[in-house]
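Visitor: 3D model of this:
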Amino acid sequence: MIRAMGVILGLETSCDETAAALVRDGRAVLGQAVASQHDLHARYGGVVPELASRAHVERLTPVVRAALDQAGLRIGQVDAVAVGHRPGLVGSLVVGVSAAKALAWRLGVPLVGVDHVRAHLYAPRLHEAGEAEPPASQTDAEVYPALGLVVSGGHTSLYRVDSALEMLRLGKTIDDAAGEAFDKAAVMLGLGFPGGPNLDRLAESGDPSAETLPRSLLGPDSLDFSFSGLKTAMLYRVCGRPERGVRFGGAQQIAQAAAGLGDRERADLAASFRDAVVDVLARKLVRAAEALRAEGVGLKSIVVGGGVSANRALRRRLPETATRLGLGLHVAPMAYCVDNAAMIAGLAQARLDAGQCDDLGLSVAASGVDAIGTAGAAGTPDSAPG
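Guide: Next up, the predicted model:
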């Protein structure tokens, strides 16, 4: 365990954001820096793993220096080094984990591996140093047990969250994650990369009731997600339904169809697609809360993190859902919705407080684990650290 009010350096390189942050006492963000790779991957319409790995190598040192400068600290004042080591692109993860090992060894401080997805559920508890703590930073007794939703480009999952370190996955996407679905819909509308934020902005000027798009809830008791049918419906709406046995002509055909859309039509489609995704997320939250209460779990709040938690429509719908369920609501501040290192450092403090850390044999993993530190009706926890 590091000393009280210690400072943790967090590193995050799980996908295409190179990030570093200094966090004190697990909550106060002293400084953070993020180097985006959007310009690098824009021409490909998505993240190219090899390019992402190389960019992390080039950008990690400048990002760490920028975070230290913002915090007004020297590297020797760091009390521990934390790094996201799962899940993510393996090549990208290796860059961050290798750097974290080297720093921890050189400084003689603890090394802490953190599960990236679980860190998203800790993000609502962060705040900038010098600012009053937000309601999301309430005591554990006021927040947990909670129903957690991680919604991002690569993950859409529901969790029972008993503490910062104890959680069990209840449901996940069986195909596209919500953020990936937004990105693909943006391509269909000719909106460019990054698609999700572009679609969200355009949707603000559209009519969400203009188009009737499907909401897949799967079975009546399912807590999993599926957005492939919605994506296909959007494709047919933009390009037309193909004749039997005839395949779409690919990206060129989609681009030509998108170019033929009027501004109003494009905005209405964006709004209708966004509304369908948000509606499914909200309805699954209600279903999960009711299922947990039926098991006797005394839920106190809903905790939401991940890049899609920045979506305007979702942030408007979540308070309504929480009120309907009689639960508190803790959503990640906008600065900590997307991949960032502050959430990595914050959750690392919780691990250190529990007497947990890692050695230089810390490995990376492309996937996460279903459960950490707790068990329930859905299964037995994985014993992996993080």
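Visitor: what are the ranges of the helices in this protein?
Guide: Using DSSP state H, the helices of the chain run over residues 38-41, 49-71, 90-107, 116-120, 140-143, 178-188, 195-203, 228-239, 251-259, 263-294, 312-325, 342-353.
Visitor: Can I get those helices in JSON lines including distance to Asp16, mean neighbour count and mean pLDDT?
Guide: C-beta: built from backbone N, CA, C; applies to glycine. Output for the helices of the chain, formatted as JSON lines (distance: least, C-beta to C-beta, whole Å; neighbours: other C-beta atoms under 10 Å; pLDDT from 0 to 100):
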{"stretch": "helix 38-41", "distance to Asp16": "6", "mean neighbour count": "14", "mean pLDDT": "60"}
{"stretch": "helix 49-71", "distance to Asp16": "5", "mean neighbour count": "18", "mean pLDDT": "89"}
{"stretch": "helix 90-107", "distance to Asp16": "8", "mean neighbour count": "20", "mean pLDDT": "94"}
{"stretch": "helix 116-120", "distance to Asp16": "13", "mean neighbour count": "28", "mean pLDDT": "94"}
{"stretch": "helix 140-143", "distance to Asp16": "31", "mean neighbour count": "14", "mean pLDDT": "89"}
{"stretch": "helix 178-188", "distance to Asp16": "12", "mean neighbour count": "25", "mean pLDDT": "94"}
{"stretch": "helix 195-203", "distance to Asp16": "13", "mean neighbour count": "22", "mean pLDDT": "95"}
{"stretch": "helix 228-239", "distance to Asp16": "21", "mean neighbour count": "18", "mean pLDDT": "94"}
{"stretch": "helix 251-259", "distance to Asp16": "21", "mean neighbour count": "14", "mean pLDDT": "86"}
{"stretch": "helix 263-294", "distance to Asp16": "22", "mean neighbour count": "20", "mean pLDDT": "98"}
{"stretch": "helix 312-325", "distance to Asp16": "22", "mean neighbour count": "16", "mean pLDDT": "98"}
{"stretch": "helix 342-353", "distance to Asp16": "16", "mean neighbour count": "28", "mean pLDDT": "96"}
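Visitor: Mind checking those helices for the one nearest to Gly10?
Guide: helix 342-353 (3.0 Å; C-beta to C-beta).
Visitor: Remind me what the closest one packs against, helices and strands.
Guide: strand 7-12, strand 17-24, strand 80-86, strand 111-115, helix 116-120 (3 or more C-beta pairs under 8 Å, 6 or more residues apart in numbering; DSSP states H and E).
Visitor: Can you lay out these as JSON lines showing distance to Pro333?
Guide: Listed next are the helices and strands packed on helix 342-353 as JSON lines, based on distance: least, C-beta to C-beta, whole Å:
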{"stretch": "strand 7-12", "distance to Pro333": "16"}
{"stretch": "strand 17-24", "distance to Pro333": "13"}
{"stretch": "strand 80-86", "distance to Pro333": "19"}
{"stretch": "strand 111-115", "distance to Pro333": "19"}
{"stretch": "helix 116-120", "distance to Pro333": "12"}
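Visitor: Out of these, flag the one nearest Ala342.
Guide: Among those, the nearest to Ala342 by C-beta to C-beta is strand 17-24 (4.0 Å).
Visitor: pLDDT (mean, whole number) over the closest one?
Guide: Computed over strand 17-24, the mean pLDDT rounds to 94.
Visitor: residues of it that come out buried?
Guide: Using 16 or more other C-beta atoms under 10 Å as the test for burial, strand 17-24 gives 17-24.
Visitor: Quick one, which of the helices and strands packed on helix 342-353 gets closest to Arg54.
Guide: strand 17-24 (11.1 Å).
Visitor: could you check the angle helix 90-107 makes with the closest one?
Guide: If you take axes from the mean of the first three to the mean of the last three C-alpha atoms, to 10 degrees, strand 17-24 sits at 30 degrees to helix 90-107.
Visitor: which strands and helices sit next to strand 17-24?
Guide: Contact here means 3+ C-beta pairs under 8 Å, 6+ apart; on that basis strand 17-24 packs against strand 7-12, strand 28-36, helix 49-71, helix 342-353.
Visitor: now the third one: how far from the chain's centre is it?
Guide: In this case it means helix 49-71. 20 Å (C-alpha atoms, centre = their mean, to the nearest Å).
Visitor: Next: stretch 339-358.
Guide: In this view, stretch 339-358 has its centroid 16 Å away from the chain centroid, taken as C-alpha atoms, centre = their mean.
Visitor: mind checking the end-to-end distance for it?
Guide: One end of stretch 339-358 sits 22 Å from the other (C-alpha to C-alpha, to the nearest Å).
Visitor: close enough to count as contact, Gly88 and Val114?
Guide: No - Gly88 is beyond contact range of Val114, at 11.5 Å (criterion: C-beta atoms under 8 Å).
Visitor: quick one: the closest residue to Glu180 other than its chain neighbours from Ala288, how far?
Guide: Leaving aside its chain neighbours, Glu180 sits nearest to Gly153 (5.5 Å; criterion: C-beta to C-beta, 6 or more residues apart in numbering). Going from Gly153 to Ala288 by C-beta to C-beta, to the nearest Å gives 21 Å.
Visitor: Could you do Ala20 as well?
Guide: 34 Å.
Visitor: what does Gly76 give?
Guide: 46 Å.
Visitor: Equivalent analysis for Gly355, please.
Guide: 31 Å.
Visitor: related to what we said a few turns ago, so which of the helices and strands packed on strand 17-24 gets nearest Asp359?
Guide: Taking C-beta to C-beta, helix 342-353 is the member of the helices and strands packed on strand 17-24 nearest to Asp359, at 13.6 Å.
Visitor: For the residue most central in space within the chain, which non-adjacent residue is spatially closest?
Guide: Geometric centre of the chain, nearest residue: Gly306, 2.4 Å, by C-alpha atoms, centre = their mean. Distances taken as C-beta to C-beta, 6+ apart place Ser152 nearest to Gly306, at 3.5 Å, with adjacent residues excluded.
Visitor: thought the one you found was touching Ala310?
Guide: No - Ser152 is not in contact with Ala310 according to C-beta under 8 Å; the separation is 9.9 Å.
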